[in-house]
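**Q** okay, structure incoming, though there's no sequence with it:
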Ligand code: GRF
């Protein structure tokens with residue numbers, strides 16, 4: 001007998017990228033399962049040369065370029081972004097390597113409906129070049145985080161984190177490659193929880209409903 005499928009409509013997701021789009025691809029792969037509670041309705045890039053656009057098109061997705069340089073400032077750029085996202089009827093925004101800071105106005109408009117993936121265990125190592133900085137700092141544990149977006153960069157209630165040990169011989173590249181593998185696992189997991197309505201925000205914390213108790217929110221065990 002087949003497992004019962006949810007009859008709830010799939011949440012409509014807009015994915016925002018600026019580059020290669022490997023996290024977007026992980027989301028595409030997850031959404032390819034008809035039982036997954038979300039589907040991608042649009043991939044938007046602020047750069048026409050983003051490699052991820054080709055990947056999205058190869059997957060048969062609708063892509064749009066909204067070049068921030070074509071606008072006089074952040075607000076008009078974000079107004080165009082919002083207009084497109086609303087036109088495609090998105091319920092959720094996934095930032096996947098989207099390299100523009102968003103204003104408080106845009107963030108508030110999408111409060112608790114917009115998530116991001118960051119290659120560190122926030123609140124440690126926000127910002128760029130996280131793997132280099134982790135090695136430089138000599139910390140023993142590193143990882144990645146999917147979190148709700150807030151106006152402060154790489155900040156917001158944490159939905160899922162993956163942790164892994166930093167090896168003595170790690171370079172930024174070797175460490176970054178292992179973190180990226182985990183990113184591709186936790187982003188679909190976090191989107192699923194959100195799309196299923198299992199995540200709610202209380203203050204600075206994202207609470208996962210008891211029904212999702214069997215979901216490993218810290219992954220994997222620290223042996224990887
Ligand atoms: C990832 O490391 C993500 O965590 C960060 O930007 C990178 C994007 O990579 N926000 P990709 O475009 O998803 O391959």
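**A** Sure, I can see it. Bear in mind the structure is a predicted one, so any value in this text is a computation, not a measurement.
**Q** can you report how many residues neighbour the residue of the chain found nearest the ligand?
**A** When scored by C-beta to the nearest ligand atom, the chain has residue 97 as its residue closest to the ligand, at 2.7 Å. Every C-beta, even on glycine, is put in place using the N, C-alpha and C of the backbone. Other residues within reach of residue 97, judged by other C-beta atoms under 10 Å, total 21.
**Q** now it. Nearest residue, chain neighbours left out?
**A** residue 19 (4.9 Å; C-beta to C-beta, 6 or more residues apart in numbering).
**Q** now do the same contact list for the one you found.
**A** By C-beta atoms under 8 Å, 6 or more residues apart in numbering, residue 19 lies in contact with 47, 50-52, 97, 99.
**Q** now the two most distant members of the residues you listed.
**A** Within the contacts of residue 19, 51 and 99 form the most distant pair, 13.3 Å apart (C-beta to C-beta).
**Q** and the next element down the chain from the biggest helix by length in the chain?
**A** In the chain, taking DSSP state H as the definition, the longest helix is helix 172-195. Per DSSP states H and E, the first helix or strand lying C-terminal to helix 172-195 is strand 199-202.
**Q** what's that following strand packed up against?
**A** Applying 3 or more C-beta pairs under 8 Å, 6 or more residues apart in numbering; DSSP states H and E, one finds that strand 199-202 contacts strand 205-208.
**Q** buried set for the strand it packs on?
**A** When burial is assessed from 16 or more other C-beta atoms under 10 Å, strand 205-208 yields the following buried residues: 206, 208.
**Q** from the chain's centroid, how far away is it?
**A** When distances are taken as C-alpha atoms, centre = their mean, to the nearest Å, strand 205-208 is centred 16 Å away from the chain's centroid.
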